[in-house]
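Undergrad: Sharing a model that was predicted from the sequence below.
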Amino acid sequence: MRFIKSSPLLLTFFLLAACSADPEAAEHYAKREEVNVLIEAPEAIEADTAPQIDVKLSKDGKALEEEATVDFLVWKDENKADAEEFPASLDADGSYHLEYNFPSDGVYFIKADVKVDNLHLMPTKQIRVGELTEEEIQKIKEEQEQKKHNDSGGHQHH
């Protein structure tokens, strides 16, 4: 009976010991610098045009010096399964550029698939092309409200 009472204590000890098996792990994570990915695109895009769309990578507020592998995924509306993939071209200024002609009006999504320094980042940007239908406009408003709610964590800050 005595063994059963001390089992939770032993279990806790073993779990704590397992978590600290690599004493340098915490230091590694503390030193790891965040890479930021910014997708830059015009506010208004006309259908059947190929606007300037760039991805800029930075670390600690400065342009990233290491070269990354960057690909773009582009899809329209909810059709993510139909996404087309395009390799990015590296510009002289260090940004990665997408060459894509938006064929028709609607809501498009651009995902930057970025691999650098053992990191894999995949931010997505919503792009509005041409004239949107009332249904598309309503859907965007709902998504923005949902994002606002998610970003605030559902808490009200005063």
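TA: All right, it came through fine. All values reported here derive from a predicted model rather than from experimental measurement.
Undergrad: which residues sit in contact with the most centrally placed residue in the chain?
TA: For the chain, residue 123 is the residue whose C-alpha lies nearest the centre (CA atoms, centre = their mean; 2.0 Å). For residue 123, the contacting residues are 37, 39, 111, 112, 114, by CB atoms under 8 Å, 6 or more residues apart in numbering. For glycine as for every other residue, the C-beta is placed from the backbone atoms N, C-alpha and C.
Undergrad: quick one: it from residue 104, how far?
TA: Distance of residue 123 to residue 104, computed by CB to CB, to the nearest Å: 24 Å.
Undergrad: Put the buried members of the contacts of residue 123 into a ChimeraX selection.
TA: Of the contacts of residue 123, the buried ones can be selected in ChimeraX as follows, counting by 16 or more other CB atoms under 10 Å:
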select :37,39,111,112,114
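Undergrad: For the protein, just list every one of the strands.
TA: 35-40, 53-59, 62-63, 69-76, 84-87, 89-90, 96-98, 106-116, 119-121, 124-129 (DSSP state E).
Undergrad: To residue 147, which of those lies closest?
TA: Of all the strands of the chain, strand 124-129 sits nearest to residue 147, with 9.8 Å by CB to CB.
Undergrad: will you turn the strands of the chain into a markdown table that also has mean pLDDT and distance to residue 142?
TA: Below are the strands of the chain laid out as a markdown table (pLDDT from 0 to 100; distance: least, CB to CB, whole Å):
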| stretch | mean pLDDT | distance to residue 142 |
| --- | --- | --- |
| strand 35-40 | 94 | 22 |
| strand 53-59 | 93 | 25 |
| strand 62-63 | 89 | 36 |
| strand 69-76 | 95 | 18 |
| strand 84-87 | 95 | 26 |
| strand 89-90 | 91 | 35 |
| strand 96-98 | 95 | 27 |
| strand 106-116 | 94 | 12 |
| strand 119-121 | 94 | 26 |
| strand 124-129 | 92 | 12 |
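Undergrad: Next, format the ones you listed as JSON lines and append distance to residue 150.
TA: As requested, those are exported to JSON lines (distance: least, CB to CB, whole Å):
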{"stretch": "strand 35-40", "distance to residue 150": "19"}
{"stretch": "strand 53-59", "distance to residue 150": "23"}
{"stretch": "strand 62-63", "distance to residue 150": "30"}
{"stretch": "strand 69-76", "distance to residue 150": "21"}
{"stretch": "strand 84-87", "distance to residue 150": "27"}
{"stretch": "strand 89-90", "distance to residue 150": "33"}
{"stretch": "strand 96-98", "distance to residue 150": "27"}
{"stretch": "strand 106-116", "distance to residue 150": "17"}
{"stretch": "strand 119-121", "distance to residue 150": "19"}
{"stretch": "strand 124-129", "distance to residue 150": "14"}
